[in-house]
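# Fold the following, please.
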Amino acid sequence: MRLQGLSAIVLGAALSLPALAVASSSGTYPDRAITMIVPYPAGGPNDTIARTVAPEMAQALGVSVVIDNRPGAAGNIGTSAAARAAPDGYTIALPGAALSINTVIFDNTPYQLSDFRPVGMVAQGPIVAVAHPSLGVKNLEELLELARQRPGEIAFPSGGRGTSPHLAGELLKIRADVDLLHVPYKGTGEFIPDLLSGRVPFAFVSPLIVRQHVDAGSLVPLATTGKARLRGWTDIPTVSEAGVKDYEVAPWYAVVAPAATPDAVVEKLHAALQQALGSSSVQAKLVSLGMDALPGSTEEAQAILDRETATWAGVPLED
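Numbers count the residues shown, from 1 in each chain. Now for the predicted structure:
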């Protein structure tokens with residue numbers, strides 16, 4: 001059964017792995033539950049990935065890891081709450097690429113990238129362009145031709161400005177020179193009912209969200225957004241293969257902590273995340289979602305965050 005809102009992934013009293021001690025002013029870290037803020041609604045990609053890695057992190061840390069969904073404002077509400085949290089290691093967050101991108105596409109973002117330090121990257125993978133059957137298109141080429149015939153009329157939704165579905169649509173507009181209408185929602189899970197009804201006829205969506213609907217024939221797959229074809233979707237071309245040059249969108253997800261979190265605490269969290277990403281069950285789950293685990297150092301994670309900011313700083317995005 002899908003969990004909603006604030007929920008906990010709790011270990012039993014007996015743990016196979018003891019917590020490693022980290023000295024702090026309040027004693028051994030961690031000695032109580034850790035909150036992982038997900039700045040999007042339950043059921044979306046961030047939420048699903050958080051609920052995949054949290055149990056393994058909890059096992060490594062020896063305490064509960066609680067998922068706290070705080071959606072709204074294109075992820076800015078939950079992300080800014082994480083930035084303002086006490087830097088003690090008991091509040092972390094699992095945002096996506098919008099963490100970096102929002103700081104360059106919003107005039108007054110309530111946080112800066114410098115308000116955080118990365119615990120580590122989690123996963124990365126392309127998304128899928130799909131259409132409602134009522135739109136009458138069977139591939140991306142037909143969609144683009146229809147968009148040229150009906151400029152500004154074909155709507156695509158997103159989980160908010162700066163989210164991966166928004167960026168994928170805006171980059172398509174630029175690279176293919178078409179006019180599409182962006183319709184922002186509070187999160188991916190919020191727009192799926194309208195996509196399935198045809199109210200918004202076309203979208204870029206995480207494969208983990210639309211697989212069942214594509215298999216059921218409720219949505220038509222048009223293209224994937226990576227450099228290469230997506231595992232499990234190899235009969236679907238990439239956007240570049242469909243004729244749109246220099247196109248790639250590969251959303252990523254990371255765990256971050258407030259910038260002033262002590263090194264020893266971040267190291268403990270990083271070790272727990274690496275253990276989670278090394279789990280065969282986590283890796284299998286990520287593969288089933290069309291993603292690859294991204295283990296690595298905190299320095300490598302910071303480089304990805306910085307690079308993403310630089311990449312999108314010069315891309316004009318409409319509201």
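# which residues does V104 contact?
309, 312-313 (Cβ atoms under 8 Å, 6 or more residues apart in numbering). C-beta here means a position set from N, CA and C on the backbone, and glycine is covered the same way.
# element containing it, please.
With elements taken from DSSP states H and E, the one containing V104 is helix 98-105.
# Quick check: next helix or strand after that helix?
Next along the chain after helix 98-105, with elements defined by DSSP H and E, is strand 116-124.
# need the strands for the stretch 151-300 of the chain, in chain order.
Per DSSP state E, counting those that start in this stretch, the stretch 151-300 of the chain carries strands over the ranges 155-158, 181-184, 202-205, 220-224, 252-258, 292-293.
# Reformat those strands into TSV and put mean neighbour count and mean pLDDT next to each item.
Compiled in TSV, the strands of the stretch 151-300 of the chain are given as follows (neighbours: other Cβ atoms under 10 Å; pLDDT from 0 to 100):
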stretch	mean neighbour count	mean pLDDT
strand 155-158	24	96
strand 181-184	17	94
strand 202-205	28	96
strand 220-224	26	97
strand 252-258	24	97
strand 292-293	18	90
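# Give me the below-cutoff pLDDT ranges for this protein.
For the chain, the stretches flagged by pLDDT under 70 are 1-27, 314, 316-319.
# gap between the residue positioned nearest the centre of the chain and N46?
Central residue of the chain (Cα atoms, centre = their mean): G96, 3.8 Å from the mean position. Separation of G96 from N46 (Cβ to Cβ, to the nearest Å) stands at 6 Å.
# Between those two, which contacts overlap?
Common contact partners of G96 and N46 (Cβ under 8 Å, 6+ apart): Y253.
# any chance of the strands of the stretch 151-300 of the chain in TSV, with distance to P133 too?
TSV is the format used below for those (distance: least, Cβ to Cβ, whole Å):
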stretch	distance to P133
strand 155-158	16
strand 181-184	19
strand 202-205	11
strand 220-224	6
strand 252-258	31
strand 292-293	31
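# if we can go back for a sec, and the gap between the residue nearest to the centre of the chain and L273?
From G96 to L273 the distance is 16 Å (Cβ to Cβ).
# ok so, going back, with the contacts of V104 in mind, which one is nearest to I236?
Proximity of these to I236 was ranked by Cβ to Cβ; the top entry is W312 with 25.3 Å.
# okay, now R148: neighbour count?
Look at R148: counted by other Cβ atoms under 10 Å, it has 12 neighbours.
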